[in-house]
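[1] quick one: sequence and predicted model below, then my questions.
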There are 2 protein chains.
Amino acid sequence: MKKRYTIKDIADAAGVSIGTVDRVLHNRGKVSQKALLNVNTALKEFNYKPNPIARTLKNNTVYSIQVFLPDPSKDSFWLPGQQGIKEVIDEYSAFDIEITVHYYDPSEPTSFLDNGFDLLAKHIDAFLFVPLFEKESDLLLDELKKRNILTATFNSFHDGTVDLYVGLNLFMSGRVAAKLLFDALNAPSKIVIVHIDEESENAVHLREKERGFRQFFDEIQGYEVITLTLGVNGFEQKFASFIESNSEVDAIFVCTSKVYRIVKALRGIGKSKVLVGYDLLEENVKALRAGDIKFLIHQSPKLQASLGLKALVDNFLLGKSFSKENLLPIQIINSENVDSYRYSFV
Amino acid sequence: MKKRYTIKDIADAAGVSIGTVDRVLHNRGKVSQKALLNVNTALKEFNYKPNPIARTLKNNTVYSIQVFLPDPSKDSFWLPGQQGIKEVIDEYSAFDIEITVHYYDPSEPTSFLDNGFDLLAKHIDAFLFVPLFEKESDLLLDELKKRNILTATFNSFHDGTVDLYVGLNLFMSGRVAAKLLFDALNAPSKIVIVHIDEESENAVHLREKERGFRQFFDEIQGYEVITLTLGVNGFEQKFASFIESNSEVDAIFVCTSKVYRIVKALRGIGKSKVLVGYDLLEENVKALRAGDIKFLIHQSPKLQASLGLKALVDNFLLGKSFSKENLLPIQIINSENVDSYRYSFV
DNA sequence: TCTCAAAATGTGTACGTTAACATTTTTATT
DNA sequence: AATAAAAATGTTAACGTACACATTTTGAGA
């Protein structure tokens, strides 16, 4: 029940005024050796910590944060992320924080670049975005750094120049997928990694997942892993003919949320394989429940988005610090625990 | 960049003083019909929300929260929970919040009761605890309610009278364990639920897990599930003789963090079974890595504790609301994703 | 119309921090 | 020792809210 020590307490103990204490705290000079010593002693003795609440009130600025996401109407994978952002905005609606959300076309690097730079027109304090495109993100990041804007990313890891990254260790998530398939298969077999309409050259995160997946099987004997890349045109015929001519394939790994398309294609040709993929899209969850997908790996897009945004807000509002990397756990989903994820904030 | 509206803005718009606005906001009466109308109109028009930061500063009280945990030195399962609490205490060390942690013996209901009531001697604002014992928790809860103290629990679900519960849906976690075993077994088989030295009559959470587990297998054909309860005395011999005389048992489910003891016992007699258990104890993780445990279900004790405490703190400090139940996802752990959990805050 | 109490409204201070500004003390120079 | 400049220190107002207290307005009764 005892109050925390305030600047006033320090001033009294050091025999100076609060002005002097404040000058010491912010080392603004104009303090005598003797006063400096006394104040520092008192600060240490009382283990003084400034009251962040009072500080923020005095500060009296409206912080402005821009959020820049792939358009959820173009790829519904981003819906939970959008939802997470919305909830944080709501949670902080009474505070002096101004959060605005903008979208880019996830299939258009130029959309990312053009819209991204447009957002820098007005003054902003922080920028949270998904660096879907490698080169374009670099350009944007350069500009953000130049303007001393706090930068945060999520979902697709970029590099070390960003102030905060929230996301998975994608490489490890590939290994987890591999382990799940390995356990589900009874004997050495042939496994296919299918890429559907992804520009994997520009997508680091896909490469990382594939690398982790392959590493796992490289360490053991008898498993053959091949990669099949299919464009969006004629996807189904090509996939079907591949399966027909590779009947020894037992399992399929899809690095993205598009597993449900494989499910559909397999149904079309009356085949069944052990499937592992990513993300709790409505279609994926249905297939998981139906038993057509063995496991999904959950990337927690909603949590990623909200944690990233919260870290920024709490930093401005309460002076909370955050570590550069917030690596979320790689969550394994089956038909029984999927519900616990859909109704949880995590 | 535009500031939020303040009481002053409302007062100006309504043509009254801030005192009148304040009286309206807290419906403290002494306001004329006309003023009331004008103020309410302005409040609505500006969508006024009081500034929680200013409110807290003005409030100027040190909130006192007591945390009451099973002693981690008696059962290391509680170490992560303790750690989570520590981290939250650290995170809020600069704020006007006083958090104190106390422990009880997880095997002594009287220790829970005696120490628990002792904690109510001084004034407290909130109480966060693990309701390990059903009847004793009821008694404590009654007293807390009587004193109008905010109550929160985690890990073991109690009932609806508590203001906040953070934890798993334990029933569903049993089903998840069942599904994992089901997938790992190739054919119908005999499965044992082993209880090691647990007073399961007094422990709702164990009953719930078992119930979920059994329900899953009740729904399908050919699987036999039996329960084996072993005391701490002569555990190993009894378990060994059970296994010898029940060689058709393929899999074992342990509802607590004590799976590693089954691993040890099995090694002792040179047998191997498909194992699923709970929690990332050091010993369990080792056994998981060695392949002796197939899956673990992670109850996120650290996250549970810190989320519970944070909800209380944020409620006092920032006026944030929380929902009565925060059901965390049921996390499936294998040898590949275990690391991602150990180094993550989740 | 005047008086007085009740009702309504306004004012001032505090919370702890910050920083501009005012005041006092010290030091250097004559 | 006197003076000015420099250095050190103290004072005060502000952030937005909350509430006690002071002041003004209203209306009833004479």
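    Noted; the coordinates are in hand. Numbering: from 1, shown residues only, chains lettered A, B, ... in the order given.
[2] mind pulling up the pLDDT for the residue in the stretch 201-346 of chain A positioned nearest to DNA strand C?
    Here the stretch 201-346 of chain A gets closest to DNA strand C at one residue, residue A:319, 8.8 Å apart by Cβ to the nearest atom of the strand. From N, CA and C alone the C-beta is placed, and that goes for glycine too. On the pLDDT scale, residue A:319 is placed at 96.
[3] residues near it, how many?
    14 (other Cβ atoms under 10 Å in any protein chain shown).
[4] isn't it right up against residue A:55?
    Yes. Using Cβ atoms under 8 Å, residue A:319 is in contact with residue A:55, at 6.8 Å.
[5] now the residue of the stretch 201-346 of chain A closest to DNA strand C: closest residue in space that isn't a chain neighbour?
    Once flanking residues are discounted, residue A:319 sits nearest to residue A:52: 4.5 Å by Cβ to Cβ, 6 or more residues apart in numbering or on different chains.
[6] domains in chain A, by residue range?
    Using automatic domain parsing, the domain parsing of chain A gives A:7-50, A:60-167+A:301-328, A:170-298.
[7] circling back: phi and psi next, for the residue nearest to residue A:319.
    When read as degrees, to the nearest 10, the backbone of residue A:52 gives phi -60, psi -30.
[8] got the contact list for the residue nearest to the spatial centre of chain A?
    Against the mean C-alpha coordinate of chain A, by Cα atoms, centre = their mean, the closest residue is residue A:154 at 2.7 Å. Residues near residue A:154 by Cβ atoms under 8 Å, 6 or more residues apart in numbering or on different chains: A:81, A:128, A:130, A:165, A:166, A:167, A:304, A:305, A:307, A:308.
[9] can the lengthiest helix in chain A be said to contact DNA strand D?
    Ordering each helix of chain A by length in residues (DSSP state H) puts helix A:301-318 first. No. On the criterion Cβ under 7 Å from any atom of the strand, helix A:301-318 is out of touch with DNA strand D, staying 13.3 Å away.
[10] how about residue A:192, secondary structure?
    Following DSSP: H, G, I helix; E, B strand; the rest coil, residue A:192 is assigned to strand.
[11] count of residues packed around it?
    There are 21 residues near residue A:192, going by other Cβ under 10 Å.
[12] what's the pLDDT at it?
    97.
[13] isn't it up against residue A:227?
    Yes. With contact defined as Cβ under 8 Å, residue A:192 and residue A:227 form a contacting pair (7.4 Å).
[14] need the nearest residue in space to residue A:87, chain neighbours excluded.
    That would be residue A:306: by Cβ to Cβ, 6+ apart, it lies 6.2 Å from residue A:87.
[15] and the closest residue to DNA strand D within chain A, how far from DNA strand C?
    With Cβ to the nearest atom of the strand as the measure, residue A:19 is the residue of chain A nearest to DNA strand D, at 2.7 Å. Using Cβ to the nearest atom of the strand, to the nearest Å, residue A:19 is found at 4 Å from DNA strand C.
[16] with residue A:7 instead?
    Separation of residue A:7 from DNA strand C (Cβ to the nearest atom of the strand): 3 Å.
[17] for that residue, what are its contacts?
    A:18, A:21, A:22, A:25, A:48, A:50.
[18] out of the residues you listed, who's near chain B?
    residue A:50 (Cβ under 8 Å from any Cβ of the partner chain).
[19] ChimeraX command for the buried members of the contacts of residue A:7?
    Buried members of the contacts of residue A:7, defined by 16 or more other Cβ atoms under 10 Å in any protein chain shown, are picked up in ChimeraX with:
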select /A:21,22,25,48
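[20] quick one: distance of the host helix or strand of residue A:152 to the chain centre.
    Taking DSSP states H and E as the definition, residue A:152 sits inside strand A:150-154. How far strand A:150-154 lies from its chain's middle: 9 Å, per Cα atoms, centre = their mean, to the nearest Å.
[21] on that earlier part again, remind me what the strand or helix carrying the residue of chain A closest to DNA strand D packs against, helices and strands.
    Element membership of residue A:19, judged by DSSP H and E, is helix A:18-25. With contacts defined as 3 or more Cβ pairs under 8 Å, 6 or more residues apart in numbering or on different chains; DSSP states H and E, helix A:18-25 has these neighbours: helix A:7-14, helix A:33-46.
[22] looking at those helices, which is buried most?
    helix A:7-14 (a mean of 18; mean count of other Cβ atoms under 10 Å in any protein chain shown).
[23] separation between the residue of the stretch 201-346 of chain A closest to DNA strand C and residue B:55?
    Distance of residue A:319 to residue B:55, given as Cβ to Cβ, to the nearest Å: 18 Å.
[24] still on that earlier bit, let me know the pLDDT of the residue of chain A closest to DNA strand D.
    If you check residue A:19, the pLDDT there is 97.
[25] how about the one 10 residues further on?
    With respect to pLDDT, residue A:29 scores 89.
[26] contacting residues around it?
    residue A:23.
[27] now it. Its backbone dihedrals?
    Per degrees, to the nearest 10, the backbone of residue A:29 is at phi 70, psi -160.
[28] over to residue A:125?
    Dihedral angles (degrees, to the nearest 10) for residue A:125: phi -100, psi -30.
[29] my guess is it contacts residue A:150. True?
    Yes. At 6.4 Å, residue A:125 counts as touching residue A:150 under the criterion of Cβ under 8 Å.
[30] circling back: using a markdown table, please lay out the contacts of residue A:7 together with distance to residue B:232.
    As requested, these are exported to a markdown table (distance: Cβ to Cβ, whole Å):
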| residue | distance to residue B:232 |
| --- | --- |
| A:18 | 62 |
| A:21 | 59 |
| A:22 | 61 |
| A:25 | 57 |
| A:48 | 50 |
| A:50 | 52 |
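[31] out of the contacts of residue A:7, which comes closest to residue B:117?
    Of all these, residue B:117 sits closest to residue A:48, with 35.8 Å by Cβ to Cβ.
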